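> one predicted model, sequence on top.
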Amino acid sequence: MNNQPPDFPITGIGASAGGVKALQEFFDHLPDNSGMAFVVVIHLYPEKSSNLNKLIGSHTGMPVKQVSRKIKIRPDHVYIISPGKTLNVQDGYLVAGKKEKEEHATIDLFFRSLAAQCKEKAISGWPENIAGHLRLKADERMEGGYALHRQEMVNVEDYSREERFKQSPSLAGFKIKSSISIAVKGRKEIYGILGIYSVKQRLFDGNETGFLQSTANLLGESIERIQAQKKLKKINNKLKEAVKVRDDFLSIASHELQTPVTSMKFLVDLFERKLRDSGNEDDAQQAKKINEHIDQLSNLTRTLLDMTRMQRKGLKMEKNMFSLDELIKDTVNKLEHISNHTIEIEGKISRDIYADKFRIEQVLTNLLSNAIKYSPDADKIVVRSEEKDGNVEISVTDYGIGVVKKDREKIFKRFFKGSDSKQTYPGFGIGLYISAEIVKQHGGKIWMESNSGQGSVFSFSIPFREKNSNKSDEK
């Protein structure tokens with residue numbers, strides 16, 4: 001044995017099993033070509049296997065090796081202790097041995113061998129029960145408090161000759177003669193002090209102070225990020241709770257509205273028929289308008305119910321074979337009676353489709369109602385249908401206000417209303433969202449094309465019959 005240490009720094013990192021995330025954060029920010037070797041000694045139970053090499057390997061470009069026997073130490077590599085093993089540094093090698101003593105002795109043993117072999121080339125954190133893990137008072141009359149309050153690096157070569165401050169009694173008890181301390185801080189807050197301490201008198205050089213400064217910066221960024229993530233998680237949980245309360249309210253309100261709305265419609269239908277039978281046509285027309293508003297309210301309550309169902313377990317689809325041509329004609333006829341627009345139908349579908357008739361009608365009604373609503377100065381809407389590669393494609397074209405470019409990607413989002421329509425056009429912004437979900441549950445797609453001020457084309461495509469679908473597929 002020549003007992004020659006490597007000619008590059010070896011950084012030892014001791015941690016408990018709960019420190020994996022901190023290690024990942026550390027290696028996330030560490031360059032892959034620092035010229036140093038890194039040895040991670042962590043408390044691992046002998047009876048359990050370890051995937052620590054994978055957990056750290058995904059956060060660095062350096063090779064990560066798990067040491068189970070003997071391996072040569074190379075720069076720009078990461079070495080991980082194996083479960084039930086100890087690690088020693090011997091002549092430029094990491095040597096694994098069988099663990100026989102208590103858990104914490106593993107870290108102590110490694111750091112002692114690292115210090116003995118590599119001397120000034122060794123860089124390490126303090127193992128547990130040593131001063132680096134003690135709480136020290138942030139007193140400006142002592143080195144840590146001095147660095148904390150002044151937010152500057154403090155490099156002490158010899159505590160016996162130090163005049164700026166006194167040595168902490170905790171450190172003096174461990175016979176510390178030299179140290180370097182630096183504040184760990186984020187953009188707005190100081191979190192603590194990072195220090196290196198030596199029982200031998202020495203002055204820490206530029207490489208060591210640079211490494212400590214980089215590590216302190218990384219720690220500050222990591223702490224700041226973790227705090228931001230915790231705040232974000234807290235806000236997100238509050239938002240989820242608020243959304244749940246809102247959805248619960250909408251669900252209850254929609255259910256409660258259904259019964260009186262159904263009763264109103266029955267009574268107004270009856271009233272309208274009696275007025276017509278008695279020859280009172282003017283009042284019958286007024287009753288008809290009331291009926292139309294009741295239909296709008298009924299559609300709204302059904303839409304709200306659909307939305308809350310979708311959030312919980314999705315919409316129920318009851319599929320069967322039907323004529324899409326007939327459905328388009330029926331839907332157009334219903335809407336033409338309550339609109340001043342002419343709705344033209346182009347194209348013809350020659351065969352039946354396997355889908356949920358009620359839900360496809362709902363999509364068509366939403367697209368046509370929007371086309372009517374957002375083209376108040378136009379007098380025509382066009383519905384086109386055609387067969388394409390085993391799918392049916394339906395488009396609704398209007399000549400209205402169109403959709404501005406910044407709104408197009410969000411147009412199918414829940415509660416979204418175009419920026420040009422918020423004040424002028426009533427609605428909740430959920431019709432297109434529900435339509436998109438219905439099309440999606442049919443294995444299709446929905447999209448739109450538009451130019452602001454020149455109208456819009458909303459299209460959807462669904463298969464005539466989904467692959468491997470049959471009657472038993474219905475949910």
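Happy to help now that I have it.
> C-alpha only now, for contacts and for neighbours.
Fine.
> doesn't residue 27 make contact with residue 13?
No - using CA atoms under 8 Å, residue 13 is not in contact with residue 27; the gap is 11.6 Å.
> any stretches of the stretch 151-300 of the chain with poor pLDDT?
Within the stretch 151-300 of the chain, the ranges that satisfy pLDDT under 70 run 170-171, 250-259.
> one more time with 80
163, 165-174, 243-266, 291-293, 295-300 (pLDDT under 80).
> name the residues that touch stretch 200-211?
155, 156, 157, 158, 176, 177, 178, 179, 180 (CA atoms under 8 Å, 6 or more residues apart in numbering).
> any chance of those residues in a markdown table, with neighbour count and distance to residue 117 too?
What follows is those, written out as a markdown table (neighbours: other CA atoms under 10 Å; distance: CA to CA, whole Å):
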| residue | neighbour count | distance to residue 117 |
| --- | --- | --- |
| 155 | 20 | 24 |
| 156 | 21 | 24 |
| 157 | 18 | 22 |
| 158 | 15 | 24 |
| 176 | 19 | 20 |
| 177 | 19 | 21 |
| 178 | 20 | 20 |
| 179 | 24 | 21 |
| 180 | 22 | 22 |
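> so of those residues, which ones are in helices?
Per DSSP state H, helices hold no members of the contacts of stretch 200-211.
> and the residues you listed, which two are furthest apart?
155 and 176 (13.1 Å; CA to CA).
> where exactly do the strands run in the stretch 1-150 of the chain?
10-15, 37-42, 64-67, 70-72, 78-81, 85-90, 93-98, 122-124 (DSSP state E, counting those that start in this stretch).
> where does the prediction get shaky in the stretch 1-150 of the chain?
Across the stretch 1-150 of the chain (using pLDDT under 80), the flagged ranges come out as 1-7, 14-22, 25, 29-30, 42-50, 99-108, 115-150.
> returning to what we had before: sort out for me which of the contacts of stretch 200-211 are in strands.
Restricting the contacts of stretch 200-211 to those inside strands, with DSSP state E as the criterion, leaves 155, 156, 178, 179, 180.
> adding distance to residue 9, write those out as JSON lines.
JSON lines is the format used below for these (distance: CA to CA, whole Å):
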{"residue": "155", "distance to residue 9": "20"}
{"residue": "156", "distance to residue 9": "21"}
{"residue": "178", "distance to residue 9": "19"}
{"residue": "179", "distance to residue 9": "18"}
{"residue": "180", "distance to residue 9": "18"}
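> out of these, who's nearest residue 401?
Nearest member of those to residue 401, counting by CA to CA, is residue 180, at 68.1 Å.
> my read is that that closest one contacts residue 159, right?
No - using CA under 8 Å as the test, residue 180 is too far from residue 159 to be in contact (11.2 Å).
> helix, strand or coil for residue 386?
With DSSP: H, G, I helix; E, B strand; the rest coil as the basis, residue 386 sits in strand.
> ok now do residue 180, which residues does it touch?
Applying CA under 8 Å, 6+ apart, the residues near residue 180 are 153, 154, 155, 156, 195, 196, 197, 204, 209.
> closest one to residue 330 out of those, please.
Using CA to CA, the contacts of residue 180 come closest to residue 330 at residue 195, 79.2 Å.
> and what about that closest one, helix, strand or coil?
Note that with three-state DSSP, the state of residue 195 is strand.
> ok, it to residue 14 distance?
15 Å (CA to CA, to the nearest Å).
> try residue 37
14 Å.
> residue 69 contacts residue 95, correct?
Yes - between residue 69 and residue 95 there is a contact under CA under 8 Å: 5.9 Å.
> which of those two has more neighbours?
More crowded of residue 69 and residue 95, by other CA atoms under 10 Å: residue 95, with 20 against 15.
> for the more buried one, which non-adjacent residue is closest in space?
Excluding the flanking residues, the one nearest residue 95 by CA to CA, 6 or more residues apart in numbering is residue 70, at 4.4 Å.
> verify the contact between the one you found and residue 94 for me.
Yes - between residue 70 and residue 94 there is a contact under CA under 8 Å: 5.6 Å.
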